[in-house]
Structures are given as structure tokens and as C-alpha cells.
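In: let me see the structure of the following:
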Amino acid sequence: MTDASPCASAPGVGPPWPDWYHLDNVFPSRRRMDRAHRPIVALACRTLRGVGGNVLDLGCGNGALLRKIHALEPRVTPFGIERDPLRVAHARLLLPAFAGNLFEGDLFGAHPLRETGQRFALALLTPRRLSEAGQGGAARLRDWIRERCERLLIYGYGRSRREFGNLAGFARRVGVEVEESATHAGLALRW
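Out: Numbers count the residues shown, from 1 in each chain. This next block holds a predicted model:
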């Protein structure tokens, strides 16, 4: 089933979404995705409340997370980078007003935002992306984030966190420090 107007309803409310809505983000159901996104969205909105700014999701899938953040904090301008062209196309459907801010590209190589001087109030990243890149690629991405982003929000889902004990252990493994109390999402202290 397709939704002719995917942005017409608030996140979590309204007509059923096509299966790609959760499958693009590697979740078995919309309900599981929404539950996993909740702490990330809450922390992003607390961090940007009243000030907004550019938010960059590094590995944005179909933009569902960015859409939820923007819906609750309208001063946020979503940006995303995703390597899968179909997911980028879906992100542009979910965020049509920001379609020009959603790019296909490699986080560790060439992507359109690497060439601009664009700055971001907040970047969203799972440590899984850094672990996939190896030490050299992870170091280059962390350096780029440090140059362009005021804050970095680190998040993890079930298996990823369990693999390393908790989110802090998972992040530490790839050179990022977050508060020990962070369970699902935390602001990076150092990266």
C-alpha cells in the first residue's frame, strides 16, 4: 500500500505507511522502529529546543528519523546522507520541502556536503557506521564531524548495544565518548 501524501500526517499518526517506511531503516515493523526512534528524537529535540538549526543524519535511511525530529522541532532543517539511492528517493518523499538536502553518497568518501562549508548544529550517527569504516575511515569521518558539527548525537539499537555491553562501550570502541548513563542515545563528549 502506498500513501499518496506521506507528509500529511504527524509521525506515528494517520494512514498506514508502505512497508518501505520501516524496512528501509532495517526494522521488522513500524511499531519497533517508532519505539527505537523515541529516545533519539527526544534527545535531539531537547538539545535543539528553541534554537533549531541544521541537523545532519549520517546514514539517514529514508529520513524517517529526521522527519520525526523536524515535526517536533520545526526550526530544525534536516540534512541527510545515505548510500542507497532508493532510500534517498524515499527520504525525498518523506521530506519534500528538504529534498535538496538529502544526498546519495559515501560517508567515508565523496559526498556533496564534504565539498561545501555547510555547518550543522547537530549530527546523528550510530557507532556501527564508524565500526564499518575501519580506523582510517572512522578517523576521517570523526575529523569531518568535528570541523562541521557543533554536537554529535550517538545512538544504538538493541543488538549493537548488547554486543558491546552498552551504548558508551559501543561508542568508545570507535573513538567516541558519551556519558556512561546513556542507554539508547547520548551526546558525544569527545570524538
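
In: state the next helix or strand along the chain beyond the lowest-mean-pLDDT helix or strand in the chain.
Out: Lowest on mean pLDDT, DSSP states H and E among the helices and strands of the chain sits helix 158-163, with a mean of 66. Once the chain leaves helix 158-163, the next helix or strand it forms, by DSSP states H and E, is helix 167-172.

In: hmm, who's touching that following helix?
Out: 127, 154-156, 160-161, 163-164, 177-180, 182-186, 188 (C-beta atoms under 8 Å, 6 or more residues apart in numbering). (Glycine included, C-beta is placed from N, CA and C.)

In: which of the residues in it are buried?
Out: Leu167, Ala168, Phe170, Ala171, Arg172 (16 or more other C-beta atoms under 10 Å).

In: out of the residues you listed, which is nearest to Phe79?
Out: Ala171 (21.9 Å; C-beta to C-beta).

In: spatially central residue in the chain, please.
Out: The centre of the chain sits closest to Asp57, judged by C-alpha atoms, centre = their mean, with a distance of 3.5 Å.

In: give the other helices and strands that the helix or strand harbouring that one contacts.
Out: Using DSSP H and E, Asp57 sits in strand 53-58. Judged by 3 or more C-beta pairs under 8 Å, 6 or more residues apart in numbering; DSSP states H and E, the packing partners of strand 53-58 are helix 64-72, strand 76-82, strand 120-125, helix 127-148.
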